[in-house]
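**Q** Here's my sequence, what's the structure:
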Amino acid sequence: MQLIRSTALAAAGLLAFLVLWEAVPRLGLVNPAFLPPPSTIPAAFLREIELGVWLTAVLSSLSHYVAGLCAGAGAGIALGLVSGMSRGFEAFTAWVVRLLRPIPGLAWVPFAIIWFGVEPSAAVFIIAVGVFWIVFFATQGAVRGVDRDLVEVAQAFGFRGPLQRLVKILLPAATPGILVGLRTALGQAWMAVVAAEIFGVPGVGQRMMQASSLLSTDIVVVYMLTMAGLYGLFDSAFVALQGWLLRWRA
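**A** Residues are numbered from 1 along each chain as shown. Presented below is the predicted three-dimensional model:
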C-alpha cells in the first residue's frame, strides 16, 4: 500500500510539473521559442529520428562517453590503488594533486583543441579528466578504509607481498567504495559530454548548440531528455552489476 501511495504521489507530481510547463508558454507568460511546451517535444523527436540525426548524434556521444569513462576511471583506479597502498607515493604526489584537482574540466578545453584538434579524441580527453578525480579519491579512500586487522591476518597467512595483499585483501575489501565512485563518475561523464562536444565535436552537445543557435529549443529539449534517459539506463544497469558483484555481502 505504501509503495502504491508513493508511486501515485510521484506520478501526480510529474503530471503537475508537465501541466505547469505546458501552461507557461501557452498562456504567453514565456515566449514558446524560449521554452517550448512539452506537447511539441514528441513531434520534434520524430523529426530528428526521420532525418537520422538523432541516432548519429547519440552513437557519437556514446562512443566519446564510453571511451572517456573507461580511460578516466581506469587511470583513477590504478593511481588510487597505488596512492592508497603507499604513503610515500601519496606524499610525493600531494602537491601535484592539490594543484590540478581544483581545475574544472572546461578549463582543459583550449588544451584539448590544441593537442588533439576538433576531434573525438579531444572530447574523450575532457570526459576522462572530469571522471578521473572522482574515481581516484574514491579508490584511495576505499583502500585506506580497509580494516588493518585484515591486512595483519593476511600477512600472518603468508600474503606479505604488495601484489598478494592487493589481490587477496585490499581490492575485495575496497570494491564497494570503488563502485560508489564509479557510479558517481557515470553521471559526471554525462555532464562532461556536452561540454566536450560543445566546441564542434560531432555528438549530442554539438547538435544542441546547432539547435539553440536557430532557436529550435524543442530539439534542445529532445536531446536533454535523451541524455537523461540514457543516464537512467546506464545507472540502472550499473546498480544491477553492483548488486551482482557484491552478492557475497548478502
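**Q** Now do the contacts for the closest residue to residue 132 other than its chain neighbours.
**A** Once its chain neighbours are removed from consideration, residue 132 has its nearest residue in residue 72; the separation is 4.2 Å (Cβ to Cβ, 6 or more residues apart in numbering). Glycine gets a C-beta too; all of them are placed from N, C-alpha and C. Under the criterion of Cβ atoms under 8 Å, 6 or more residues apart in numbering, the contact list for residue 72 reads 127-132, 135, 185, 189.
**Q** In a markdown table, list those residues along with pLDDT and neighbour count.
**A** Conversion of those to a markdown table gives the following (pLDDT from 0 to 100; neighbours: other Cβ atoms under 10 Å):
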| residue | pLDDT | neighbour count |
| --- | --- | --- |
| 127 | 93 | 31 |
| 128 | 94 | 25 |
| 129 | 93 | 24 |
| 130 | 89 | 25 |
| 131 | 93 | 30 |
| 132 | 95 | 25 |
| 135 | 95 | 25 |
| 185 | 92 | 25 |
| 189 | 90 | 25 |
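**Q** can you put these in a markdown table and add secondary structure?
**A** Conversion of those to a markdown table gives the following (DSSP: H, G, I helix; E, B strand; the rest coil):
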| residue | secondary structure |
| --- | --- |
| 127 | helix |
| 128 | helix |
| 129 | helix |
| 130 | helix |
| 131 | helix |
| 132 | helix |
| 135 | helix |
| 185 | helix |
| 189 | helix |
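**Q** between those residues, which is closest to residue 42?
**A** Checking the contacts of residue 72 against residue 42 with Cβ to Cβ, the nearest one is residue 189 at 27.7 Å.
**Q** Which residue is the nearest non-sequential neighbour of that closest one?
**A** Here the residue nearest residue 189, using Cβ to Cβ, 6+ apart, is residue 69, at 4.5 Å.
**Q** Can you tell me the element that neighbour falls in?
**A** helix 53-85 (DSSP states H and E).
**Q** next structured bit after that helix?
**A** If you walk from helix 53-85 toward the C-terminus, the next helix or strand you reach (DSSP H and E) is helix 87-100.
**Q** quick check: angle from that following helix to helix 53-85?
**A** Between the axes of helix 87-100 and helix 53-85, defined by axes from the mean of the first three to the mean of the last three Cα atoms, to 10 degrees, the angle is 140 degrees.
**Q** now for helix 87-100, which elements pack on it?
**A** Helix 87-100 is packed against helix 53-85, with contacts defined by 3 or more Cβ pairs under 8 Å, 6 or more residues apart in numbering; DSSP states H and E.
**Q** State the distance from the closest residue to residue 36 other than its chain neighbours to residue 232.
**A** Using Cβ to Cβ, 6+ apart and skipping the chain neighbours, the partner closest in space to residue 36 is residue 218 (4.1 Å). From residue 218 across to residue 232, the span is 21 Å (Cβ to Cβ, to the nearest Å).
**Q** higher neighbour count, those two?
**A** Neighbour tally, residue 218 and residue 232, criterion other Cβ atoms under 10 Å: the higher count belongs to residue 218, 23 against 10.
**Q** Roughly how far does that one sit from residue 52?
**A** In this view, residue 218 and residue 52 are 18 Å apart by Cβ to Cβ.
**Q** where exactly do the strands run in the chain?
**A** Read by DSSP state E, the chain holds no strands at all.
**Q** low-scoring stretches of it, by residue?
**A** For the chain, applying pLDDT under 70 flags the ranges 149-162, 164, 249-250.
**Q** Contact partners for the spatially closest residue to residue 204 that is not a sequence neighbour?
**A** Leaving aside its sequence neighbours, residue 204 sits nearest to residue 61 (Cβ to Cβ, 6+ apart; 4.2 Å). By Cβ under 8 Å, 6+ apart, the residues touching residue 61 are 193, 197, 203-205.
**Q** Can you give me the buried ones in stretch 232-246?
**A** 234, 242 (16 or more other Cβ atoms under 10 Å).
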